[in-house]
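Undergrad: Return atomic coordinates for the entry below.
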Amino acid sequence: MTTSDACIITNAISGAVANKNQHPAIPYTPEEYAAEARAAYDAGASVVHIHARRPDGAPSVAVEDYRAITAAIVAEVPDIVINYSTGTIGIPMAERVGHVVDLRPELGALNMGSMNYAKWSSSRKAWVFDFVFENSFKDITYLLERMNEVGVKPECECFDVGHVESVYPLIEAGLLTTPIQFSFILGVVGGISAHPANLAHMASRAPEGSTWEVIGISTEQWGLISQAAELGGNVRTGLEDNFTLPGGTKASGNGELVAKAAELVQAAGRKVATPAEARALLSLPDPVRVPALSAV
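TA: Got it, this is the predicted structure:
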C-alpha cells in the first residue's frame, strides 16, 4: 500500500465535559494524558486531539495547562501529531485561541458555525444539556487570522452541511488555504444526524483535494468509522466522543477504542497511517515539528 491508502486515526483523548465518574480513564493530570496518549499511539493513533484539564479535572484554556500536558505527551510519544481544541463557550476570543498562538500545535480545531448543541436522554425524557454554541464569521475570521500568523493548520469542524459550505467564502477571502482538513461531526442533537447518507453528502461538498475525518458521537461511531474508511476518509475515536465498543462493552480506555478503530480500518482494506504518513496526507511540515517543548 502507498501513503494514499493510509487512514489517519485521531485520538480525542479527553474532551471537556465527561469526567472520571463517567469513565475512570479520562485523564486529568499531564501524566495521565501521557499514559493514555501512549496507549492510543501503540494501538495506531497518529494524531492526538487535546482539551486541557487541570489536575482536579476542571476544563482549562490556560497556556500553562496545555504546555504541561503537551510536554508530557511528546516526551512519551515524540512523533505524534498534536491537535488543540478551540471549542469553548463564554470566554474572550483571545483566550479561546491563546494556547494555540503561544504553543503552536500542528493542527488547531476551528468550529465552522453556530448551532444549538444538546444531548437528549430518551430514558429520562429530558435534556442532559442544552446550549447555543456560537461561532460567528467574525469570530471564525479572528481565529483563522491568529492561526495563520503562527503557522497552525486549521481543522474545520463541521456539525452540518452548511458548515462545510462556509469554507468557500473564507477561501475567497484568503483566510483558508487548500487543501483543507475537515472534521465531520455527526450525532449531536442540533447538528446533522449520524446517518450514512449524511456523511457521504458532507464529503461531497468539500473542496477537491481536501482531507477529512469522521467524528461519530456515542455508539453510532463504529458504523461511521467503517463507512469513512470505505469512502477514503480518516477517522477519530476516543473518550471525548464515546466510551463503548461495538456491542456495548465499556472500553478500558483510549487504547482499546483506537485498537477497534484500527481493526475496522484494516477490514476496509486500508492501512493505519503512521505519524509521518499523517503529516504527508495533511500537508504538514516534515520533519516533525515538536510543539510546546521550546516553551517549557
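Undergrad: Strands along the stretch 51-200 of the chain, start to end?
TA: With DSSP state E, counting those that start in this stretch, the ranges of strands along the stretch 51-200 of the chain come out as 52-53, 59-60, 81-84, 107-111, 115-121, 126-133, 153-158, 181-186.
Undergrad: Please identify which of the ones you listed is closest to Ala268.
TA: Nearest of the strands of the stretch 51-200 of the chain to Ala268, taken as CB to CB: strand 181-186 at 16.9 Å. Placement of C-beta: from N, CA and C, glycine included.
Undergrad: by how many degrees do that closest one and strand 107-111 diverge?
TA: Interaxial angle, strand 181-186 versus strand 107-111 (axes from the mean of the first three to the mean of the last three CA atoms, to 10 degrees): 50 degrees.
Undergrad: Residues touching strand 181-186, excluding its own?
TA: 107, 109, 153-159, 164, 191-195, 198-199, 202-203, 206, 210-217, 220, 224, 233, 236, 282 (CB atoms under 8 Å, 6 or more residues apart in numbering).
Undergrad: confidence score at the residue minimising distance to the centre of the chain?
TA: Centroid-nearest residue in the chain, with CA atoms, centre = their mean: His49, separated by 4.9 Å. Residue-level confidence at His49 comes out at 98, pLDDT.
Undergrad: Over to Lys20?
TA: The model reports Lys20 with a pLDDT of 97.
Undergrad: thought it was touching Thr29?
TA: No - at 11.2 Å, Lys20 does not count as touching Thr29 under the criterion of CB atoms under 8 Å.
Undergrad: coming back round to it: which residues are in contact with the residue nearest to the centre of the chain?
TA: His49 sits next to 10-13, 83-85, 109, 236, 238, 240 when contact means CB under 8 Å, 6+ apart.
Undergrad: can you put those residues in a markdown table and add pLDDT, distance to Ile91 and neighbour count?
TA: Converted to a markdown table, the contacts of His49 look like this (pLDDT from 0 to 100; distance: CB to CB, whole Å; neighbours: other CB atoms under 10 Å):
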| residue | pLDDT | distance to Ile91 | neighbour count |
| --- | --- | --- | --- |
| Thr10 | 98 | 24 | 26 |
| Asn11 | 98 | 25 | 30 |
| Ala12 | 98 | 21 | 26 |
| Ile13 | 98 | 21 | 28 |
| Asn83 | 98 | 20 | 25 |
| Tyr84 | 98 | 15 | 28 |
| Ser85 | 96 | 13 | 27 |
| Ala109 | 97 | 15 | 23 |
| Arg236 | 98 | 24 | 30 |
| Gly238 | 98 | 24 | 28 |
| Glu240 | 97 | 19 | 23 |
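Undergrad: Spit out the contact partners of the nearest residue to Glu165 once chain neighbours are set aside.
TA: Spatial nearest neighbour of Glu165, chain neighbours left out: Arg205 (6.1 Å); criterion: CB to CB, 6 or more residues apart in numbering. By CB under 8 Å, 6+ apart, the residues touching Arg205 are 161, 164-165.
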